[in-house]
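**Student:** okay, here's the prediction I keep looking at, along with the sequence it came from:
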Amino acid sequence: MKKILFIWFLSIGFLTSCVENPEEDPDPVAPIGDLKVDFDGSQFTSVTTAVVLNETSLTIKGTNETGAFFRISIPEAPILGTYTSEEVPGLVLEYNQNNGSDPYVAAKDNVGPFAPFADYTNTAQLVITKIDRVNKRISGTFKFTGVRFADALQTAINTKVFTNGTFLNLPYTSTAVVDPTESILLRRIVNTYPGAGIADQTAVYSYNGNKIVSEIYTDSQGLQTTTTYSYDGDNITLIEEREEGELVYRETFQYNTSNKLETYIAVDFWEDTSIKETYVHNPDGSINVTRLIGDLDTQTEDDGTSTIYFANGEVDRITFSAGNTITYTYDNKNNPFKNVVGFSKIAFVDGEARGISKNILQTTGSTPDFDFTYTYNTDNYPLTSTLPEVVSTFFYE
């Protein structure tokens, strides 16, 4: 993950008013309903829904005939009651006009990137009114005021008010349903360096389902590096890079009981050095980082602290104890690795963002700063990424 191939890649408490959730067996079984929401003087009505409810989370997606969709999720097993973003930091309520659009999201108005805007008030509320665990149906209501930035510099916002949201007797499964538009996987990257005299490079990726297995990286002079990935469930736990069979770099990842990254260790066998980062996940969604450096075996020397702030699901900025801040801006398209299981949980390690679902357009405050230019395919994934010194071309399955 340290080689030049990844330069471009620089491109969620508890509920209130809850009651015990009973097992229900209505007779007869209520007919399947839909997801409806009022906004902009009209009503959104879903034509398809996909609901996953299991021991760790709830996710609801309702899509209408134009492809617009609402997404609702909570990062814990749901029971009957009322959820707000104050009690459940990971509550997600969002509206997407299409798969490539910048969503309107429910966000906090007292902390985070939208707190400075007095014209935004958080109204997010999700109420789960019924769970039929025998026939696997769920019903509830929701409302929120969605917000998004109006410009790349994040100096203004757009808001949209969503009211009278309902979902009625939606069938659910305990296994995630794969959306064809969300199963696109990157298969190959070709890097070229026009006029720089640097050998072209090709990376080929293999997968087991949506879990990455390996990256085989070859330059035009024949040098080959293989990077392998290991998982525990849906969490990436180990990444190892070998050059001509020799282990040169290792990254290990440890997670807490909520499956959030807790510890990251990277060992550079060429340089005989290592780093260790520990992460504290705050109620407002930010992450405090403590960094240590050391040799191949231990990391004991203080190397400062930082805080990672998020906006719209992406790293917005990272502030460092040394006094500098790196800020990121993004496009509204799809990151080539957005569908790879586990990548979203590690896309901020080692002091830099790599893009989670979107692509980084610009970094400021870094050394050096970066400005990216993209072209896209019809599915809104990058076809090319251009920096002054390198052009990357992407191929998908």
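**Tutor:** Everything's here; your move.
**Student:** where does pLDDT dip in the stretch 1-150 of the chain?
**Tutor:** 1-28, 99-101 (pLDDT under 70).
**Student:** let me fix that: the stretch 251-397 of the chain
**Tutor:** Applying pLDDT under 70 to the stretch 251-397 of the chain flags no residue at all.
**Student:** now the end-to-end length of stretch 204-222.
**Tutor:** 14 Å (C-alpha to C-alpha, to the nearest Å).
**Student:** now do the buried residues in it.
**Tutor:** Residues of stretch 204-222 classed as buried under the neighbour-count rule (16 or more other C-beta atoms under 10 Å) are 205, 207, 210-212, 215, 217-219. Every residue, glycine included, has its C-beta placed from N, CA and C.
**Student:** likewise for stretch 261-273?
**Tutor:** Buried positions in stretch 261-273, judged by neighbour count with 16+ other C-beta under 10 Å: 261-262, 264-267, 269.
**Student:** just stretch 287-297 next, same as before
**Tutor:** Buried, per 16+ other C-beta under 10 Å, within stretch 287-297: 287, 289, 291-292, 294.
**Student:** how much space separates residue 85 from residue 275?
**Tutor:** Separation of residue 85 from residue 275 (C-beta to C-beta, to the nearest Å): 33 Å.
**Student:** ok, now residue 158?
**Tutor:** For residue 158, the distance to residue 275 - C-beta to C-beta - is 39 Å.
**Student:** show me which of the two is the more surrounded one.
**Tutor:** residue 275 (20 against 13; other C-beta atoms under 10 Å).
**Student:** contacting residues for that one?
**Tutor:** When contacts are counted by C-beta atoms under 8 Å, 6 or more residues apart in numbering, residue 275 touches 264-266, 291-294, 299, 303, 350.
**Student:** same thing but 10 Å
**Tutor:** By C-beta atoms under 10 Å, 6 or more residues apart in numbering, the contact set of residue 275 is 251, 264-268, 291-294, 299, 301, 303, 349-351.
**Student:** ok so it is a helix residue?
**Tutor:** No. Counting by DSSP: H, G, I helix; E, B strand; the rest coil, residue 275 is not part of a helix but strand.
**Student:** and the strands in the stretch 251-397 of the chain?
**Tutor:** 261-268, 273-281, 287-294, 299-311, 314-320, 325-330, 360-364, 370-371, 373-376, 382-386, 391-396 (DSSP state E, counting those that start in this stretch).
**Student:** mind exporting the longest one as PDB, just the C-alpha atoms?
**Tutor:** Meaning strand 299-311. The C-alpha coordinates for strand 299-311 follow below in PDB (Å, rounded to 0.1, in the frame of the first residue of the first chain):
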ATOM      1  CA  GLN A 299       6.800   0.900  18.900                       C
ATOM      2  CA  THR A 300       7.600   3.100  22.000                       C
ATOM      3  CA  GLU A 301       8.600   6.600  20.700                       C
ATOM      4  CA  ASP A 302       5.900   9.300  20.700                       C
ATOM      5  CA  ASP A 303       5.200  10.600  17.300                       C
ATOM      6  CA  GLY A 304       2.300  12.900  18.000                       C
ATOM      7  CA  THR A 305      -1.500  12.800  17.900                       C
ATOM      8  CA  SER A 306      -4.200  13.700  15.400                       C
ATOM      9  CA  THR A 307      -7.900  13.900  15.000                       C
ATOM     10  CA  ILE A 308      -9.800  12.700  12.000                       C
ATOM     11  CA  TYR A 309     -13.100  14.500  11.100                       C
ATOM     12  CA  PHE A 310     -15.700  13.100   8.700                       C
ATOM     13  CA  ALA A 311     -18.400  14.600   6.500                       C
END
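**Student:** fine by me, thanks again.
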